[in-house]
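In: Predicted model, plus sequence, below.
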Amino acid sequence: MRVLVTGAAGSIGRVVTVGLADHGHEVVGLDRTPEPEGFDGPWHTLDCADPDAVASVFATENLDSVVHLAGHPGEGSLPESLTSHVVTTAALLDAMVEHDVTRFVYAGSNHAVGRTPRPPQALLTEHDRPRPDSFYGVGKVAAEAVMSLYADRYGFDTVSCRIGSFLPQPETIRHLSTWLSHDDCVRMIEAALTATAPGYAVLYGISANTRGWWDLEPGRRLGYHPRDDAEEFADRIDVRPEDTAEGQYVGGPFALPAFERPALDRGLSG
Ligand code: 15L
């Protein structure tokens, strides 16, 4: 499969591009920065919030599918978040309509449900209501809504992988629940790319963590079978004073008052 990977120079992108190539895919990289050392496929340096630039990639590459990882991974104003997550998603989906590419895999986030209080009543499922903890989370939820629209309108297969904490190893108590290992991330993206006719689907991008908060069955139904477990690292993780506050909501620090800010930046008047 010839796959366009956006955000290919980022931390997730660098792991996923190698992993997809190992699975036999031809990877086309895209990022706002030039290709990282060692990437030897076709590369496009551009911002995927620019629909003309995105359209030019689809006009020259014979793509089968898109893995959209690009996007600012932290909090900002609401317009910044909408540009970073929703406008980029829409630009890619529009180009897909034009070029008859129908599979879209998205780096969603646990922050789409991050304001869910802990401990949850039961494992969180894909049917629990979106409960963003930040404008970042709002952007991720809104991007999923655009994916749902294009799945319904054009028969696309659009899979949102709500990623937890993508790290080489868990580093905090929260990560013992939220960790996504590098290898499981590649397994997840490969499953989302190749699942038979998922339509619009959501899965939780978490490893098989003993302390996990999410139902991994929806992912398993799509062929995502995580193998790693953060528990293996539990005895190496120190308890920190902030762990108690971070444990109040699924989204950890994003759900705490330190992340609260107005939706819109106002210019200084006078
Ligand atoms: C995410 O979605 C963020 O991009 C990342 O910065 C982390 O906050 C991660 O979730 C997490 O929840 O640990």
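Out: It's in. Numbering: from 1, shown residues only.

In: make it CA atoms for all contacts and neighbour counts henceforth
Out: Noted.

In: any idea how far V186 lies from L216?
Out: Remark: distance between V186 and L216 (CA to CA, to the nearest Å) = 16 Å.

In: Revised request: answer the last question for R240.
Out: From R240 across to L216, the span is 28 Å (CA to CA).

In: leaving aside the residues next to it on the chain, what's closest to the one residue in the stretch 151-270 of the chain that gets nearest to the ligand?
Out: Of all residues in the stretch 151-270 of the chain, S165 sits closest to the ligand, at 3.7 Å by CA to the nearest ligand atom. Spatial nearest neighbour of S165, excluding adjacent residues (CA to CA, 6 or more residues apart in numbering): W179 at 4.6 Å.

In: One more: A201?
Out: Among residues not flanking A201 along the chain, V159 sits closest, at 4.8 Å (CA to CA, 6+ apart).

In: L193 versus H23, what's the distance?
Out: H23 is 11 Å from L193, by CA to CA.

In: Can you pick out the residue with more neighbours from these two?
Out: L193 (25 against 13; other CA atoms under 10 Å).

In: so that one is in which element?
Out: helix 182-194 (DSSP states H and E).

In: Which elements pack onto that helix?
Out: helix 11-22, strand 103-109, strand 157-163 (3 or more CA pairs under 8 Å, 6 or more residues apart in numbering; DSSP states H and E).

In: Minimum distance to Y249: which of these has it?
Out: Y249 lies closest, by CA to CA, to one member of these: strand 103-109, at 14.3 Å.

In: The ligand is nearest to which of the helices and strands packed on helix 182-194?
Out: Closest among the helices and strands packed on helix 182-194, using CA to the nearest ligand atom: strand 103-109, at 4.4 Å.

In: I'd like the C-alpha coordinates of the closest one written as CSV, please.
Out: Taking C-alpha atoms only, strand 103-109 is exported to CSV below (Å, rounded to 0.1, in the frame of the first residue of the first chain):
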residue,chain,number,x,y,z
ARG,A,103,-8.7,5.1,3.9
PHE,A,104,-7.8,7.6,6.6
VAL,A,105,-6.2,6.8,9.9
TYR,A,106,-6.0,9.5,12.4
ALA,A,107,-3.9,10.2,15.5
GLY,A,108,-6.8,11.0,17.8
SER,A,109,-6.1,11.4,21.5
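
In: For it, name the packing helices and strands.
Out: strand 65-68, helix 135-154, strand 157-163, helix 182-194.

In: in the third one, what's buried?
Out: Buried residues in strand 157-163, defined by neighbour count with 16 or more other CA atoms under 10 Å: D157, T158, V159, S160, C161, R162, I163.

In: now do the longest one
Out: Within helix 135-154, the residues that qualify as buried by neighbour count (16+ other CA under 10 Å) are 135-144, 146-148, 150-151.

In: swap in the first one?
Out: Across strand 65-68, burial judged by 16+ other CA under 10 Å covers S65, V66, V67, H68.

In: export the residues you listed to a markdown table and tack on distance to V16?
Out: Output for the buried residues of strand 65-68, formatted as a markdown table (distance: CA to CA, whole Å):
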| residue | distance to V16 |
| --- | --- |
| S65 | 14 |
| V66 | 12 |
| V67 | 9 |
| H68 | 11 |
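
In: can you tell me the helix or strand for the closest residue to D238 other than its chain neighbours?
Out: The shortest distance from D238 to any non-neighbouring residue, by CA to CA, 6+ apart, is to T172 (7.2 Å). Under the criterion DSSP H and E, no helix or strand holds T172.
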